[in-house]
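Peer 1: my questions are about this predicted structure, shown below with the sequence.
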Amino acid sequence: MPFSTEENLTDLAVERWSNIPDPRLRKIMTSLVKHLHGWVRDIEPTEEEWIAAVNFLTETGKICTDKRQEFILLSDTLGVSMLVDSINHRLSSKATPTTVTGPFHIHDSPEIADGQSMSGDAPGIPCFVEGKVMDFDGKPLGNVMLDVWQTDGEGLYEAQVEASNAYMRGIYHSKADGSYVVRTVAPIGYTIPLDGTVGGLFGKTNISPYRPAHIHFLLDSPGFHRIITHLFQKGDQYIETDVVYGVKEPLIVEFVKKKTGEKAPGGEVMTTPFYVVHYDFTLQKLSQAKAA
Ligand SMILES: [Fe+2]
């Protein structure tokens, strides 16, 4: 075993980290060492820069809590979350595509009956999202779980407001004919949290920190590929520059403006202007996923 030189260090470290019985962990660690060394050789950091990088990661960890995940935000804004999502959900083009989960999903949202509101008295313009859940043959899928979460009309998630109950989230189920109606308020575009380490880094760039307005959905049904996705508002000024690279074209939908006095899905005559969004989700069978 030779002693280290600048030239042979990468080979030495890769060889050392090859000494792992588990082949998957061996692949992960040797590749990590190779790429990390490549990065360091490329940028040739000063010792101060290297300490700054260590401090950045340390501070990023300190910000994380049960409700805030700065590392996920870092992964999202570097495009890594979308890359991992894309690799893990290579679905048919017939299926509703997936996109990032993001840092704001909260488990165990309350069950909400079809057509009922998940927004309570949150600020915002009333908005109905309706459509069907179906398979590739257009067969309606009943009792599919739709776990929905989003910002209120001021761009805030539950984790960002003082909420004693579930806020801007709920679990719906499609009816036997595959149909669903979510009643909520329209989300708006928002910036990622800028008061943490990721925000500090963005402050040194000209990169837009905004996400276009969107509603998050998690759809789950036995025998089908579980999907996590968003519906994005067509025409949003940030649709082409989503800070987390989450926008896929089939997920851009029209938020159709309706006037006072018009009927909402479900028949209620509305006393304020509102939006209606139509989207049919198409789920891929697990057997089809295997074939693909
Ligand atoms: Fe979001």
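Peer 2: Looks like it arrived, so ask away. Numbers count the residues shown, from 1 in each chain.
Peer 1: isn't residue 196 right up against residue 72?
Peer 2: No: using C-beta atoms under 8 Å, residue 196 is not in contact with residue 72; the gap is 11.5 Å. Every residue, glycine included, has its C-beta placed from N, CA and C.
Peer 1: let me see the contact set for residue 52.
Peer 2: Contacts here follow C-beta atoms under 8 Å, 6 or more residues apart in numbering; on that basis residue 52 touches nothing.
Peer 1: with only the CA atoms kept, save the host helix or strand of it in CSV.
Peer 2: Assessed by DSSP states H and E, residue 52 sits inside helix 47-63. C-alpha atoms of helix 47-63 as CSV (Å, rounded to 0.1, in the frame of the first residue of the first chain):
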residue,chain,number,x,y,z
GLU,A,47,-9.1,25.7,4.1
GLU,A,48,-11.4,28.6,5.0
GLU,A,49,-13.8,27.6,2.2
TRP,A,50,-13.8,24.0,3.4
ILE,A,51,-14.6,25.0,7.0
ALA,A,52,-17.3,27.3,5.6
ALA,A,53,-18.8,24.3,3.8
VAL,A,54,-18.7,22.2,7.0
ASN,A,55,-20.3,25.0,9.0
PHE,A,56,-23.0,25.4,6.3
LEU,A,57,-24.0,21.7,6.7
THR,A,58,-23.8,21.9,10.5
GLU,A,59,-26.1,25.0,10.6
THR,A,60,-28.4,23.3,8.1
GLY,A,61,-28.8,20.3,10.4
LYS,A,62,-29.4,22.6,13.5
ILE,A,63,-32.4,24.2,11.7
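Peer 1: next, the buried residues of it.
Peer 2: Along helix 47-63, these residues count as buried under the neighbour rule (16 or more other C-beta atoms under 10 Å): 60, 63.
Peer 1: any idea which helix or strand comes after that helix?
Peer 2: helix 70-77.
Peer 1: what packs against that following helix?
Peer 2: helix 47-63, helix 80-88, helix 197-202 (3 or more C-beta pairs under 8 Å, 6 or more residues apart in numbering; DSSP states H and E).
Peer 1: got the angle for that helix vs helix 47-63?
Peer 2: 110 degrees (axes from the mean of the first three to the mean of the last three C-alpha atoms, to 10 degrees).
Peer 1: other residues contacting helix 70-77?
Peer 2: 60-61, 63-64, 81-82, 84, 100, 102-103, 192-193, 196-198, 202, 243-244.
Peer 1: circling back: rebuild the helices and strands packed on helix 70-77 as a markdown table, extending it with mean pLDDT and distance to residue 119.
Peer 2: Below are the helices and strands packed on helix 70-77 laid out as a markdown table (pLDDT from 0 to 100; distance: least, C-beta to C-beta, whole Å):
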| stretch | mean pLDDT | distance to residue 119 |
| --- | --- | --- |
| helix 47-63 | 97 | 28 |
| helix 80-88 | 96 | 26 |
| helix 197-202 | 97 | 27 |
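Peer 1: what's the closest of those to residue 171?
Peer 2: helix 80-88 (21.6 Å; C-beta to C-beta).
Peer 1: if you count neighbours, what's buried in the closest one?
Peer 2: 81-82, 85.
Peer 1: return the member of the residues you listed nearest to residue 132.
Peer 2: Comparing those against residue 132 with C-beta to C-beta places residue 85 closest, at 24.3 Å.
Peer 1: residue 275 versus that closest one, what's the distance?
Peer 2: Distance of residue 85 to residue 275, given as C-beta to C-beta, to the nearest Å: 27 Å.
Peer 1: what segments of the stretch 151-292 of the chain are helices?
Peer 2: 197-202, 286-291 (DSSP state H, counting those that start in this stretch).
Peer 1: got the CA coordinates for the first one in PDB?
Peer 2: These are the backbone C-alpha positions of helix 197-202, laid out as PDB (Å, rounded to 0.1, in the frame of the first residue of the first chain):
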ATOM      1  CA  THR A 197     -29.000  28.300   5.400                       C
ATOM      2  CA  VAL A 198     -30.500  27.700   2.000                       C
ATOM      3  CA  GLY A 199     -32.000  31.200   1.900                       C
ATOM      4  CA  GLY A 200     -28.600  32.600   2.900                       C
ATOM      5  CA  LEU A 201     -27.100  30.800  -0.100                       C
ATOM      6  CA  PHE A 202     -29.800  32.100  -2.400                       C
END
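Peer 1: quick one: buried residues of it?
Peer 2: Buried-residue list, helix 197-202, by 16+ other C-beta under 10 Å: 197-199, 201-202.
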